[in-house]
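*Asks:* coords below, sequence missing:
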């Protein structure tokens, strides 16, 4: 039998009234979990929160508008305007979510074109009723149907650049011990001239092409061998949910040169298909 003690009650359903860590934010296409035929632009928020002493991750999607007007940037951290569009509609869920950060004290002068600036913020979130939106897709709420809600920030517990000892601290998000840095190596003796780089030397930085190819092949297998190019981010989101190089791989998967040059699939500019 289920305990009826208030102390044993658990939060169920939609995430609400919780202290969370904004672990990552990514713009991506979203089809409301298959409920609409034409995906829209959305902001995917990866939120960590404590659930009965265990850290859980919750993925929240905030709609942002028509993909014919806005597209996610290659790394998923910004929005590229299409045509004459100049800014997100202030009544979209993504705009309401981001605006709530500023309303609770996030410095607006630190906000630019990338959502990375919000990552690492510890906040308290609550659900509020969405504003009424009337238009071609407006449908009155059926009798007995609950109101549509949107998750917003109602308190900032700690800003990303604040130390755990300063400002407010979320008790469920303890600070991770710092990794000791090795002592710097002594500077080499000056040489008369640096040796020339070897021919065809690779550029500095890691190459994630092989990992990106593996992710795309797995996504194609899970989607009957075909993925529209504008849905790559959405179709690979689960595979990349906890990948340490998610941003770099998404950037490759949104790069037409990578899609054209790599073997293992076909790409006609619109769809990617299994070879």
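*Replies:* Done, it's in. Owing to the predicted nature of the structure, the values given are computational and were not obtained by experimental measurement.

*Asks:* From the chain's centroid, how far away is stretch 214-221?
*Replies:* Chain-centre distance of stretch 214-221: 20 Å, with C-alpha atoms, centre = their mean, to the nearest Å.

*Asks:* ditto for stretch 245-258
*Replies:* On C-alpha atoms, centre = their mean, the centre of stretch 245-258 falls 14 Å from the chain's centre.

*Asks:* Could you shift the numbering so residue one becomes 742, and keep it that way?
*Replies:* New numbering, starting at 742: the last item is stretch 986-999.

*Asks:* Now do the residue nearest to residue 901 when sequence neighbours are not counted against residue 763, distance only.
*Replies:* Nearest residue to residue 901, sequence neighbours excluded (C-beta to C-beta, 6 or more residues apart in numbering): residue 861, at 3.5 Å. (C-beta placed from N, C-alpha, C; glycine too.) Residue 861 sits 7 Å away from residue 763, taking C-beta to C-beta, to the nearest Å as the criterion.

*Asks:* Those two: who's more crowded?
*Replies:* residue 763 (20 against 15; other C-beta atoms under 10 Å).

*Asks:* List the neighbouring strands of the helix or strand that one falls within plus their orientation.
*Replies:* Counting by DSSP states H and E, the element that carries residue 763 is strand 759-771. Here strand 759-771 is paired, per DSSP bridges, with strand 781-792 (antiparallel), strand 863-870 (antiparallel).

*Asks:* Can you point out the buried residues in it?
*Replies:* For strand 759-771, the neighbour count (16 or more other C-beta atoms under 10 Å) marks 759, 760, 761, 762, 763, 765, 766, 767, 768, 769, 770, 771 as buried.

*Asks:* is the fifth one in a bridge, and if so with what?
*Replies:* Under DSSP bridges, the beta-bridge partners of residue 763 are residue 788.

*Asks:* Could you count how many residues lie near the residue nearest to residue 840 when sequence neighbours are not counted?
*Replies:* Nearest non-adjacent residue to residue 840, counting by C-beta to C-beta, 6+ apart: residue 831, 7.3 Å away. Per other C-beta under 10 Å, the neighbour tally for residue 831 reads 9.

*Asks:* next one: the one 3 residues further on
*Replies:* Other residues within reach of residue 834 by the criterion other C-beta under 10 Å amount to 21.

*Asks:* do you know how far it is from residue 1010?
*Replies:* From residue 834 over to residue 1010 (counting by C-beta to C-beta), the distance is 31 Å.

*Asks:* Show me where the stretch 742-891 of the chain has its strands.
*Replies:* Using DSSP state E, counting those that start in this stretch, the strands of the stretch 742-891 of the chain run over 759-771, 781-792, 795-807, 811-813, 820-822, 863-870, 890-899.

*Asks:* What ranges does the stretch 792-941 of the chain have for its helices?
*Replies:* Along the stretch 792-941 of the chain, counting by DSSP state H, counting those that start in this stretch, helices occupy 834-844.

*Asks:* where does it have low pLDDT?
*Replies:* 874-887, 905-941 (pLDDT under 70).

*Asks:* how about the closest residue in space to residue 830 that isn't next to it in sequence, what does it touch?
*Replies:* In this structure, residue 830 finds its nearest non-sequential neighbour in residue 806, 5.9 Å apart by C-beta to C-beta, 6+ apart. Each residue near residue 806 by C-beta atoms under 8 Å, 6 or more residues apart in numbering is listed here: 781, 782, 826, 829, 830, 833.
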